[in-house]
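Enquirer: let me see the structure of the following:
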Amino acid sequence: MSVLENINSPMDVKKLNIFELEQLCSEIRDYMIKTVSANGGHLASNLGVVELTVAIHKVFNSPQDQIVFDVGHQCYTHKILTGRRAAFATLRTEGGISGFTRPVESEHDIFSSGHSSVSISQAVGLARAKQIKREKGKVIAVIGDGALTGGLAYEALDDCDFNHSNLIVILNDNKMSISRNAGTISKHLTNVRTSKKYFKFKSRVHSTIMKIPKIGKQLNKALIDIVGKIRGIMFHKATFFEDLGFRYYGPIDGHNLQALMNALETAKINSRPVLIHVSTVKGKGYYPAEKNPTQFHGIGKFDIETGEPRSSGITFSSTFGKTICSLAANDSRICCVTAAMAVGTSLSGFADEFPNRFFDVGIAEQHAVTFSAGLAKNGMVPVFAVYSTFLQRSYDQLIHDVAMQNLKVIFCIDRSGFVGEDGESHQGVFDVSILNSVPGITLYSPSCFEELSLMLGKAIYHDKGAVAIRYPLGIAGKMPDNYHYDKSDANVFGNPECENCIVTYGREFSECYSAYEQLENTFVLKLNKIKPISKETVLLASKAKNIYFFEESVKNGGIGEKFASLLSECGIKANYKHTAVKNEFIKQAPVSRQISAYGLDRQSIINEVRNGEKNQA
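Expert: As a prediction, the model looks like this:
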C-alpha cells in the first residue's frame, strides 16, 4: 500500500509512524527520479534531502513555522509534501510547477528562489519581524550544497545574536561545501545533547544552581563557560558557530529519520538560535547520481536505467571550453576563473590540463571578478566563465574593480538570453542592459560556434580593456550557406538599398535570417560587436525607410534603445520598431515557446515587416 498517495498536506506527514515515514522517503525518491528523468531538473541535491525535509515537516508546523530553502534547488520533497504531489509530474513544464520555491504556488513557499546563499539573510529578517509582531513560530533556513561559500551567508551569520530564539539554521553538508567534524565521539555526544531527557535534565540543573543564594548566578556562569570550553575541544568547528551566538548540534546523519527528528525537536524548544549540522549523501538512493553528483546536480532528460542524458552534442559551452584550452596551450598568461560552475561552463577540461591556471572560487561571483582584476593587474589574462544570471551579483565589481581600472578581464557569459524551463530566476536577459551601462567594456554576441571561437581570440589579443562575450544555452541556429565570420563589427545580408532593414544580433539572427528569406525588399544587418556600435555600422542602415530591431534581451537599456539613439545622432530618419523582452520576469517554458511568446520567432518577424508595409500602403 502506498503511503505517498495519501499525502496531501504537511498534516498528513504528522500522522505517520517511523516505519511509514521511511516508506514515504523511498516512494518520494522513486517519484522524483521518474519525474526528473522526463522533465530534467536538479536531481542529486534533492535526493540528498528527502529524510531531512520529511523530518522538518514532521516536527514543525508550516507555514506558521517558515521554511526557507537556499537556492530552492533542494525543495522537491517540500513541494510534494505541501499539496503539490499530483502536480509534481508537471515540474519545469510550461504551465506546471517551478523547479524552485514560488510563493504563487503555495503558502508554504516563503520566497521565490533560484540563486545561492540568501536563505540565512532572509531567515534573519523573517525571525526579527516575527519577534516585533510577537508572532508564534520558528524560522528555519536550509542551506548547503556549496551555498555556505557565498559571502552573503556569512554576512547574515554575523548579524545573528543570542536574541534570535526563533531562528534555526540547518546546514546540509553533502561534502560539496564544508568539511566534516571528526570522529565518533562527536557524533555520540551530539546524540546525547539532542535527546529530550538530556535537554530537560540540563535545564533543571541550571535552574537549581540559579536558586542558590548569593553565589548561584556566578556558579551558573562558570558552569556554562567550562561546558563551552569542553564542547569547543570535542566539537572542533562547532566553536565558529557558537561564537556567533548559535547553539550547535552535529554532525547528524541526514538519512536517519529518528536522529533528525530528535535534533529538530530539541532545536524547537531551545531559547537560543540553533545551527544543526546535517551530513547527507548527494544523489542518495540512485547510484548514477551518487557516483556522479555534479553531473546530476542540474540535468536534462535522462534514461533511468543507465543514467545517460538523452541529448548531447556540440554546444556554445563546449565550444568555449575547447577554444580556451587551445588558446591557453600557446599562452601561459591565460587563466580561467569560475564560481563553482566548472562543469556547467565547460571548464573541466581546462582544469585538468592547466591546474595551476584554473581557479574555482566557490559561489562568490563578486570575489571572482575582483580576483580576476588582481590577476590582470599583474600581467595575466583572466577569463571569467559565468552564467548570465550569476554575473548580476557582481555589478559593482564590474564597474569599480575592472572597468574603472581599465583592466583586461574577459567575461564569457554562458546561458545568455532565454534558458527555458528553469524559470524566472535563470533567464539571461539582463546582461546586455547591465554591461551596456558600464563604460569601457566591449561586448560581443556570437550567432554560431565559429564566431564564438574567433571572438574569444580577438578579445584576448586585439581588444583593449574589459571584454565580454555572451552566448546562449545549447546549440547554434541556422546560418547562411558558406558563411564565415570575417571579424568585422557587423555584416549585411541582402541589398542595403532595400526599404526594410532588420537589425539583430546573437542567436536571434537565425530567426531573423529565416524570416528574411521569405520577405521582399528587405535586408538584414547583423551586429557582431554590440558595444560599442560604431557610426560606420549605423550608417549601414541609412538607406532603409523602415528599421526593425529584434533583441533577445530586456528592452530597457538594451542594444535596440542604443541603436535608436545612434540613428538619431547620425541624422537617419526612418520608421523604427523595437521588439524585445518586455520589462517583466520570464516564466518557464521551452526556449522555442519563449522566443515566439515575445515576437522573436521567424513568423512573428515576417508578420511584423509585412504589417508595417500594409500600414504604409
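Enquirer: could you use CA atoms for every contact and neighbour count after this?
Expert: OK.
Enquirer: what kind of secondary structure is Ile120 in?
Expert: Look at Ile120: counting by DSSP: H, G, I helix; E, B strand; the rest coil, its state is helix.
Enquirer: so what pLDDT did Ala238 get?
Expert: The score at Ala238 is 61. That number is its pLDDT.
Enquirer: and for Ala490?
Expert: So Ala490 comes in at 98 (pLDDT).
Enquirer: for Phe390, same thing?
Expert: Phe390 is given a pLDDT of 96.
Enquirer: check Pro213 too.
Expert: 65.
Enquirer: over to Phe241?
Expert: Reading off the model, Phe241 has pLDDT 86.
Enquirer: and the one 3 residues further on, by the same measure?
Expert: Predicted confidence (pLDDT) at Leu244: the value is 86.
Enquirer: and the residue nearest to it when sequence neighbours are not counted, how far from Gln603?
Expert: Nearest non-adjacent residue to Leu244, counting by Cα to Cα, 6 or more residues apart in numbering: Asp158, 6.4 Å away. Asp158 sits 54 Å away from Gln603, going by Cα to Cα, to the nearest Å.
Enquirer: tell me, how many residues neighbour the residue nearest to Leu244?
Expert: Using other Cα atoms under 10 Å, Asp158 has 13 other residues around it.
Enquirer: just how off-centre is the lengthiest strand in the chain within its chain?
Expert: Counting by DSSP state E, the longest strand found in the chain is strand 546-554. Centroid separation for strand 546-554 versus its chain: 27 Å, with Cα atoms, centre = their mean, to the nearest Å.
Enquirer: show me what it is packed up against.
Expert: With contacts defined as 3 or more Cα pairs under 8 Å, 6 or more residues apart in numbering; DSSP states H and E, strand 546-554 has these neighbours: helix 431-436, strand 500-505, helix 508-516, helix 559-569, strand 575-581.
Enquirer: comparing the ones you listed, which comes out most buried?
Expert: Of the helices and strands packed on strand 546-554, the one with the most neighbours on average (mean count of other Cα atoms under 10 Å) is strand 500-505, at a mean of 26.
Enquirer: what's it packed up against?
Expert: Checking 3+ Cα pairs under 8 Å, 6+ apart, strand 500-505 ends up next to strand 522-527, strand 546-554.
Enquirer: right, and these - which one's nearest Leu167?
Expert: Between Leu167 and the helices and strands packed on strand 500-505, the tightest spacing by Cα to Cα is seen for strand 546-554, at 38.2 Å.
Enquirer: surely Asn491 meets Glu536?
Expert: No: counting by Cα atoms under 8 Å, Glu536 is not a contact partner of Asn491; they are 11.6 Å apart.
Enquirer: neighbour-wise, which of the two wins?
Expert: Asn491 (16 against 12).
Enquirer: looking at this structure, which helix or strand does the model trust least?
Expert: Between all helices and strands in the chain, the lowest mean by mean pLDDT, DSSP states H and E belongs to helix 184-193, at a mean of 43.
Enquirer: and Val68, bridged to which residues?
Expert: The partner list for Val68 in beta bridges (DSSP bridges) reads Ala141.
Enquirer: how about the contacts made by it?
Expert: By Cα atoms under 8 Å, 6 or more residues apart in numbering, the contact set of Val68 is Asp109, Ile110, Phe111, Ser119, Gln122, Ala123, Val139, Ile140, Ala141, Val142.
Enquirer: pLDDT value on the closest residue to Lys478 other than its chain neighbours, please?
Expert: In space, and not counting its chain neighbours, Lys478 is closest to Ser510: 5.1 Å by Cα to Cα, 6+ apart. Model confidence at Ser510, given as pLDDT, is 97.
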